[in-house]
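Undergrad: Structure for this input, please:
(one chain, ligands or ions: 1)
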Amino acid sequence: MRILAHGFCVSLLILAPACAQNGSESEDTASGTLRGPDSAESALPEQPEQPEQPEQPEQPEQPEPVSQASTDPDSIHILVNKQNPLDPPDYAPEDLREVEAAREFDRAPLREVAAGAYEQMFAAAAEEGIDLWVTTAYRDFAFQQALYEQRLSEDGAAAADRVSARPGHSEHQTGLAVDVADLEDRTCYLRACFGESAQGQWLAERSSEFGFLIRYPEGAEGITGFEYEPWHLRYVGRETAEDVTARGVTLEEYWGQPPAPNYDQPYQPNPQE
Ligand SMILES: [Zn+2]
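TA: Predicted coordinates:
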């Protein structure tokens, strides 16, 4: 469209002097007639001169995001969703270590930077009498595959894809995501009502200070591809986490990335074998 409009401007420069100002600018400032060569080509010469549009008042500028999405799985700003698998799909971080915090299982590894941040957050919450129990943190490709395929066999593809990521598409495989629970009262264990628990409310208010986000907020399934998961935290660093939280957007929106409600392909069990 830009190219067409531009070529049109060149040929009609004398008839339409506005092209000189508008032809090369962004689409939202170009006048409507210049962007519709199909209809304008025959109609324009007979049209009376358009009155000049009054200048639009300038929009207050939204500050730039403090980070951009990365495709590098070692970046804390890696974007992983149903449209953005890890590359390679069996990626495994090299700096995993166990999180020193109350845990449900023996093992709960996170990447070094996320583990340190979680420990600080755990300590801060503990001072207020809140236990941020870790359930699962890092999950490797094979584990995620087993988890997803179990869901698939029990619930079918549509239901499985709403709640469980396919292997190679899980944030847990980055070593930057962790699930939190209340193990003393398991009523809301990995359920939406966790958001109303003391833990859930503390995390919603404070986790960004430690660099974590509630990655799958309520009502954003059409963008993130997942139902509300108030227990699933993703580490992105403090600056980004605080900015995303303050703006009340998803990570996809913050980074200007397209929504990822679905996969492009039906699931292929372990394409590597
Ligand atoms: Zn999770």
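Undergrad: Can you name the residues of this structure that neighbour the ion?
TA: Taking CB under 5 Å from the ion as the criterion, the chain approaches the ion at residues 179, 232. Where you see a C-beta, it was placed from the backbone N, CA and C, and this is true even at glycine.
Undergrad: for the residue in the chain that the ion sits nearest to, helix, strand, or coil?
TA: Going by CB to the ion, the ion is nearest to H232 of the chain, at 3.6 Å. Here H232 is recorded as strand under DSSP: H, G, I helix; E, B strand; the rest coil.
Undergrad: how many other residues sit next to it?
TA: A count of nearby residues for H232, using other CB atoms under 10 Å, gives 23.
Undergrad: Let me know the pLDDT of it.
TA: Note on H232: pLDDT of 98.
Undergrad: tell me the contacts of it?
TA: H232 sits next to 171, 177-179, 214-216 when contact means CB atoms under 8 Å, 6 or more residues apart in numbering.
Undergrad: Go again with 7 Å.
TA: 177, 179, 215-216 (CB atoms under 7 Å, 6 or more residues apart in numbering).
Undergrad: And for stretch 243-262, what's in contact with it?
TA: Residues outside stretch 243-262 that contact it (CB under 7 Å, 6+ apart) are 65-66, 68-69, 79, 81-84, 208, 213, 215, 217, 220-225.
Undergrad: which parts of it are buried?
TA: 243-245, 249-255, 257, 259-261 (16 or more other CB atoms under 10 Å).
Undergrad: try stretch 227-238
TA: 228-237.
Undergrad: try stretch 94-111
TA: Those would be 96, 99, 101, 103, 108-111, for stretch 94-111 by 16+ other CB under 10 Å.
Undergrad: gap between the two ends of stretch 221-235?
TA: 20 Å (CA to CA, to the nearest Å).
Undergrad: going forward, begin numbering at 8 instead of 1
TA: From this message on, residue numbering opens at 8, which makes the last subject stretch 228-242.
Undergrad: circling back to that earlier point, and the contacts of stretch 250-269, which are buried?
TA: By neighbour count, with 16+ other CB under 10 Å, the contacts of stretch 250-269 hold 72-73, 76, 86, 88-91, 215, 220, 222, 224, 227, 230-232 as buried.
Undergrad: Which members of the contacts of stretch 250-269 are positioned in strands?
TA: 220, 222 (DSSP state E).
Undergrad: count of neighbours near the residue lying closest to G244 once chain neighbours are set aside?
TA: Nearest non-adjacent residue to G244, counting by CB to CB, 6 or more residues apart in numbering: G218, 4.8 Å away. By other CB under 10 Å, 25 other residues sit near G218.
Undergrad: Check what pLDDT G218 gets.
TA: For G218, pLDDT reads 98.
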